[in-house]
Structures are given as structure tokens and as C-alpha cells.
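In: one predicted model, sequence on top.
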Amino acid sequence: MREETIQIDITVVGGGLAGVNAAIAAARLGRTVALVHNRPVLGGNSSSEVRVWVCGATAHGKHRNARETGIMGELFIENQFCNPDGNPYIWDLVVMEAVKAEPNIRLFLNTDVHEVEAEGEADQRRICSVTGWMMGSERKIRLKSEIYLDCTGDGLIGFLAGAQYRLGREAHNEYGEAWAPENADDITLGSTILFYTKDAGHPVKYVPPSFAKDILQTTIPITRVIRSGDSGCDYWWVEWGGELDTVHENERIRDELWSVIYGIWDYIKNSGKFDSENMTLEWIGALPGKREYRRFIGDYVLNQNDIIAQRRFEDSVTFGGWSIDLHPPQGMYSIESGSKHWHMDGSYHIPFRSLYSINVSNLMFAGRNVSATHIAFGTTRVMATCAVMGEAAGTGAAIAVQHGGSPRDVYEIHLEELSQTLLRQDASVLGIVNHDDRDQAQRATICASSTRVRLAAENPSDKFALETDAGLLLPVNPELSELELLLDSAGDTKLTVEVWSTGSPQNYVPIQLETSATVSVSAGEAQWVSFPLSWKPGTPRNAFIIIKSNSCITLRVDDRYETGVLSFRKNDGVMETNTLTDQQEDQLLVMWRTNGLERKTFCFRAFPEIEAYSAYKAIDGYRRPYDGPHAWKSEELSCGEEACLELSWTDRPVELNQVHIVFNDDVNEDLINLHHHRTPFDTIPELVRDYRLEAFSEGKWTVLHREKGNYKRKRIHRLPAPVKASALRLVVEASNGGRFAEVVEVRVYS
């Protein structure tokens, strides 16, 4: 046996998406990192070994402008480009390549950490080292670090270190959570094993194994949906173990799940009820995908009330948006629905204090084991949210090591540095504004070759019968005085339009009625009808315009997409109040959906001209939509036409060393890593494809860099030598199919 001791700045245990994001974030900030994982591939539940799709704040497209950015966003975009068909093995490579690209990361796969050396009293512990056994290599590896991150999911490292934790459900009186039980218990969410099927092109027989369960002797065929063409996460409800110990009885849970999967396939293949003659089993998982076990106690415990109220914390470091999604303890054998959902009105904030231990001074965590109640965990547990918590935790760990302090010191002393670092990294943060004094763009004068000032969609290609209310979301900056709609009317009638504000800046639902107008409409086709409105909110806002249902009216639809503009249809038969119950139909987020209207908009003209896409938006400090789009957008470009942003420093030239550019990758587009759905394009059309950077120096423009074939959101260009210039120009030569040049942010560093 070979024994090794490795001294390294930060040790991250657990190579799921939380651990991967944490390790990359810390490594990019100059810290040396050990990423230790007990499996042969990275990705955790998203890997080819388990194959759960990566869900996050978009909630499968329910939340608008909610897709994660930062490291998780990079993985989404890379996978979209390299792996549009969602091959799970290619996804493994996307994750692995991201880790291997960081020279500061030492990767230890097949390494099971099961020893922790810690010191101190129960209320103030400190980890000295962790030790793992590398399977197949006979290596015993001891890792000594300043900070340790437990991204194991089950929380083994923190448990062995003596970190305080909770297991199961809190009582209602602890946090006043509406969904919490009267008394605390040890109930958790269960585990799931997935399977893939395929059409073999010829008849395939199936002989079930002896342990296959006869599911006709269970409630499964009555209470769950079984279809021969489904596979993978369509069978997420094959869940069990919520009333057991999901760690210590993991093998028992696996065997029960296997018996049901083989029994389901027996039912599909041999019952005669399904068209499945040519279907065969292609793959069955061997690892139960765990949902829940230990949750550590941090300086703050995130709870259901924080989620629903979308509470803004002083130490907000990332966000989530998946519904509070809880499952019955009996899992697949329950006669209840397989899940119940409570949707908040928009994305919610997650505080840094929920990412470090209350009693182990150098322990941080990210993933499903963070400091949250069982109810709040029902939303924070999904993988893209775990990943962005990982980036925030890894960033905090790097800052702690840099200053020789603890994670709590980062919260108490270096919180502004943490926030600004996350923003500079393009991490998934809401409402944080750039205050980086080193960014020379902040003191520049900025202008553009053109700017989109007239907001309109005037090219009808489809029709929408106004049998239910329709919604149209527009940026209002500075005011909305008139709206025109292109419509057909089967007869003389009256049509009402209402303007609603959206509440929190990250919300895209109607919260408060601001103004309305009702006008007479004559019978006729393709007529522009004007609605006099008057809303001047004082600060830039989004307007959610409700076009009230009218059986005489058909709206015209433009199938050309416009950043910042969204169209909705109202689900029929749902309440108009946001009653907070377990019935998702009572909630605004599911009441207003874009189904069938993705990347389309109702034909409209808005007046007066707007400032929402001005050149200044590229340096206004925001990285994602927040009470408006926060991106520069040119006028519509003809084929081969260029557009440019120009930053100038009239008082004194600046020394250019690095230029950071964030292009618009349309965070409203819901991406997925595996097989839930796919987009019709491999590259986000709004992303700038070809561009060049030019500097005005010594009386002339000089090309600093030229890029072709870009498909990424964030680009950092480090110049081979500093350039002294009085102006910098970003020239957009072509997009990936979008009609405009669109830039979210430009930063300039000396």
C-alpha cells in the first residue's frame, strides 16, 4: 500500500456538479484545489452512471430569464454545442474537460474519503485532514488544507468532523413553515434508479428475472403513468426509501427499485397492453440516485418562508427557482400524487451563511446538504441550483484562504469582495451591481453605432385566438403611453388591455394593476388597434400587459424573437389569486405560461421610444435581466452589416491589458443536459459569433483581437502587451442567427 500526504489550499470532497463548480471557482481564483470523488466519472446524479437531467431555476421553462450563468452556465452552453442530442457519455466529457482545463485542480477519482481528523470542542471544531482510499491503485491519500468543502450529498465529511446537522423534517413550530408537519420526524425523500429503452427494429422477447415484482399486486398501475415509449427521467417517480435510512439501507433500496423496474418492463412487454414488441431495455442504473440525507446547520437556515417571499439577504450569493417539490414518504407505492409543488413568483435568493458550518470553522458545503430546512431543501436540492451554490462556496473558500481566515470571516469582513468577485465571474447572482474600481469601463463614455429604440413586432406569421387572456411583457424605460395590437375581429366588440407591474425585479408575473384601457374594435382583419395607456414607473421596470379574453378577437403573432419581450397565455380554469396551497394551478407562475409562444411575440407597437437597450446598459453594472433586459441591442442588422460599441476616455488614456465581454446568450432559453427536450439550434442565435476589438492609440485604430465562430457567453481577452489608448471599440461582425448585435457587459482592466 502506498501512503501519501498532500498539502493543498482547498479540498473539495464530492465530484457532483456542486463539487465541480466549487473546485473550478476556487482554482480560477489562484488557489490550489484537490477535487476528490468516489466514482470513476464526475457529475454525480447527472453522470452516465445515474442519468438525472440537470434541473435548476428555470423549472423546465416555467421561470423566465432564470437559466444559470457562471460555471454552470458554461457547462450548459458547451453541452448544447457539443452534445445537442443529450448523450450521457458526452455530458461526462463536458464536465471532465471543464475540470481538466484548470491547472490548479488535482483530480482524485475512485477515491473514497472515510477518515477525518478534526480537533476542538463540539461547539468549535476544525478539520485537520481527510484521508481517502483510491480504489484500484492501492493508494491511501491524506489531504491537509485550510478549507474543506463537503459536496458529498450525504454529508459524510462534515458528519465525521462533528458538524451539526439535521435529518428528516422539522416541526411546524420551528420555522412556521406551512408545509412542515406538526411534529418533527426522520422522513426524507426517497431514491430513484432510472432506465433507458430503445426500439431494436425487430421483435425482442423479455424474460423477467426471478426477483421482478408483479406490479399488478401494487398500486403502481393505478396511480402512476406507464407508457412503452418513455424512459429515463420520465420514470422519476420510481422512488422508494423515504421511510428508511437512505444511506445505511442503500442496498435494500437499490434491490427494491430494481425489482420494480424489471416488473414495470415485464408489464410493458408481456401484458399485451402496450405497443412494445420491438422495444428492449438499453440501460438500467446500478446506483440509486439519492435525493436527501443530512443537511448541515450553518449560520443561517434557509426556510420555506424565505423561498416564497423571495427574501433578499445582505449576503445573497446565488439564486434558485425550482418549485418546492416534495414527494410522499412511500414513494412509488403511495396512493398520493408522486409530487406536490409550491411555485414562488420568481427566482429566490440563497445566503452565503447557509454554505458554511456553524461549529466547524473551516468546513463549507454545497449541494443537497446545505443549511436549509426539509421544506426549503425541496427546491435547493436540484442539481443546477446545487452547482451555483458550489460556485459561491468555492469562491468564498478561495477568499477565506487568501485572507488567512474562515468562511465566517468572509461573511463578516469580506462580503463586498465576495459579491463583486462573483459578479465579475458572471456567477448566478441577482441584483448585484458592479462596483469594481479597477474596471476602467466604469469611468468611460460609451456610445453605439445604433440602438434599438422603437419597440415593435410587425411581421405576422401566425394567429392566436383570444379565447383566454393573453400576456405581453415589455421593458418600460422611461414610460409606456400607448400600445397598438395587430388583430382580427369577427364582429364589433370592446377589448380591454391592462398594465400590471411584476413585483420583485426578477419576476415575470402580474402582481399589481397599474392602468388599463378599453377600446371599441370594429369587425375586420389585420387592423392595428390603439390603446391609450399611461404608466411612468419612475425607474426602469417591466410591464406585464394582460389582453383580456374576447371570443371575437384573434391576435396576430410574429415568430421573430426579441430579447426583453415575452408572450404568455393564461391557463384556463385557474384562480386569479396567488393562493399558496399545494395546488400549483393556484399559483401565478403556472397560471401564466409561454406554451406554444416560445421565441414568438404578439404583434405590437409600443410608444414612446425606449432607452432599455441603450449603449450604457453594457456598463450599467448588471449581468442579467433585472427589472429590464440590461443589455445593449443595436437596430436590426442587414446581412453583412456591422455594429459597434465604443468606450472612450477623454480625460486621459488608459492602459488596456484585459477586456472582458459578456454576450447575450438569452438566459430565458431553457437548456438541459440529457434528454428532457432539445432546442432547434446548437448555438444560442443571439450570441455574437464574429467580432473584433480595436483600440484608438497614437491617432489611429488598431485591431487588438479578432474572433471567429464564438458560441460562448463570456470571453476574456488578455493582450500580449499593455496598450495605451483613448478609446476601445467592440465591432460585431455577425451573430449566430440573431437579428441584432447584443452585448450584456464590457469590462476593461489595466
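Out: Cool, got the structure.
In: dump stretch 182-195 to CSV, restricted to CA.
Out: Presented in CSV, the C-alpha positions along stretch 182-195 are these (Å, rounded to 0.1, in the frame of the first residue of the first chain):
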residue,chain,number,x,y,z
GLU,A,182,-46.9,19.2,13.3
ASN,A,183,-44.1,17.1,14.8
ALA,A,184,-40.5,16.6,13.7
ASP,A,185,-39.6,13.2,12.2
ASP,A,186,-36.9,11.4,10.3
ILE,A,187,-38.8,11.2,7.0
THR,A,188,-36.8,12.1,3.8
LEU,A,189,-37.3,12.0,0.1
GLY,A,190,-36.5,8.6,-1.4
SER,A,191,-34.1,7.4,-4.0
THR,A,192,-34.6,6.5,-7.7
ILE,A,193,-33.0,4.3,-10.3
LEU,A,194,-33.6,5.2,-14.0
PHE,A,195,-33.6,3.0,-17.1
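In: nearest residue to residue 22 in space, please, no chain neighbours.
Out: residue 394 (3.4 Å; CB to CB, 6 or more residues apart in numbering). C-beta: built from backbone N, CA, C; applies to glycine.
In: host element of the one you found?
Out: helix 383-403 (DSSP states H and E).
In: next, the contact list for the residue lying closest to residue 103 once chain neighbours are set aside, please.
Out: Once flanking residues are discounted, residue 103 sits nearest to residue 27: 7.8 Å by CB to CB, 6+ apart. Counting by CB atoms under 8 Å, 6 or more residues apart in numbering, residue 27 touches 33, 102-105.
In: surely residue 27 forms part of a helix?
Out: Yes: counting by DSSP: H, G, I helix; E, B strand; the rest coil, residue 27 is located in a helix.
In: and it, how close does it get to residue 177?
Out: 37 Å (CB to CB, to the nearest Å).
In: the residue nearest to residue 607 when sequence neighbours are not counted in helix, strand or coil?
Out: Counting by CB to CB, 6+ apart, residue 607 lies nearest to residue 482, which is 4.2 Å off, once chain neighbours are set aside. Under three-state DSSP, residue 482 falls in the strand class.
In: residue 482 and residue 531 touch, don't they?
Out: Yes: using CB atoms under 8 Å, residue 482 is in contact with residue 531, at 6.9 Å.
In: so for the two, which residue has more residues nearby?
Out: residue 531 (21 against 14; other CB atoms under 10 Å).
In: who's in contact with the one helix or strand that one maps to?
Out: Using DSSP H and E, residue 531 sits within strand 524-535. The contact list for strand 524-535 (CB under 8 Å, 6+ apart) reads 460, 476, 479-489, 495, 497, 499, 514-517, 519, 521, 543, 556, 605.
In: who are the packing partners of whichever helix or strand comes after the helix holding residue 394?
Out: Counting by DSSP H and E, the next helix or strand C-terminal to helix 383-403 is helix 407-413. Packing partners of helix 407-413 (3 or more CB pairs under 8 Å, 6 or more residues apart in numbering; DSSP states H and E): helix 383-403, helix 415-424.
In: got the CA positions of helix 407-413 in PDB?
Out: Taking C-alpha atoms only, helix 407-413 is exported to PDB below (Å, rounded to 0.1, in the frame of the first residue of the first chain):
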ATOM      1  CA  PRO A 407     -15.700  31.300   5.900                       C
ATOM      2  CA  ARG A 408     -17.400  33.300   8.700                       C
ATOM      3  CA  ASP A 409     -14.700  36.000   8.300                       C
ATOM      4  CA  VAL A 410     -15.700  36.200   4.600                       C
ATOM      5  CA  TYR A 411     -19.300  37.000   5.600                       C
ATOM      6  CA  GLU A 412     -18.300  39.400   8.400                       C
ATOM      7  CA  ILE A 413     -15.300  41.200   6.800                       C
END
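In: work out the gap between that helix and the centre of the chain.
Out: Chain-centre distance of helix 407-413: 26 Å, with CA atoms, centre = their mean, to the nearest Å.
In: check which residues of that helix are buried.
Out: 407-411 (16 or more other CB atoms under 10 Å).
In: equivalent analysis for stretch 656-663, please.
Out: 656, 659-663.
In: just stretch 528-537 next, same as before
Out: So for stretch 528-537, counting by 16+ other CB under 10 Å, buried means 529, 531, 533, 535, 537.
In: dump those residues to TSV, plus distance to residue 74.
Out: Listed next are the buried residues of stretch 528-537 as TSV, based on distance: CB to CB, whole Å:
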residue	distance to residue 74
529	45
531	43
533	41
535	38
537	35
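In: ok, so of those, who is nearest residue 87?
Out: When these are ranked by distance to residue 87 (CB to CB), residue 537 comes first, at 46.8 Å.
In: the closest one contacts residue 499, correct?
Out: No: Residue 537 lies out of contact with residue 499 (CB under 8 Å); the separation is 9.9 Å.
In: chain neighbours aside, what residue packs nearest to residue 654?
Out: residue 440 (4.7 Å).
In: which residues does that neighbour contact?
Out: Residue 440 sits in contact with 649, 654, 656, 748-750, where contact means CB under 8 Å, 6+ apart.
In: tell me the confidence at residue 579?
Out: Each residue has a pLDDT score; the one for residue 579 is 34.
In: repeat for residue 678
Out: 83.
In: in what helix or strand does it lie?
Out: Judged by DSSP H and E, residue 678 forms part of no helix or strand.
In: if I look at it, how far off is residue 298?
Out: Taking CB to CB, one finds residue 678 at 38 Å from residue 298.
In: which of the helices and strands packed on helix 407-413 sits most buried?
Out: Counting by mean count of other CB atoms under 10 Å, helix 383-403 has the highest mean neighbour count of the helices and strands packed on helix 407-413, with a mean of 29.
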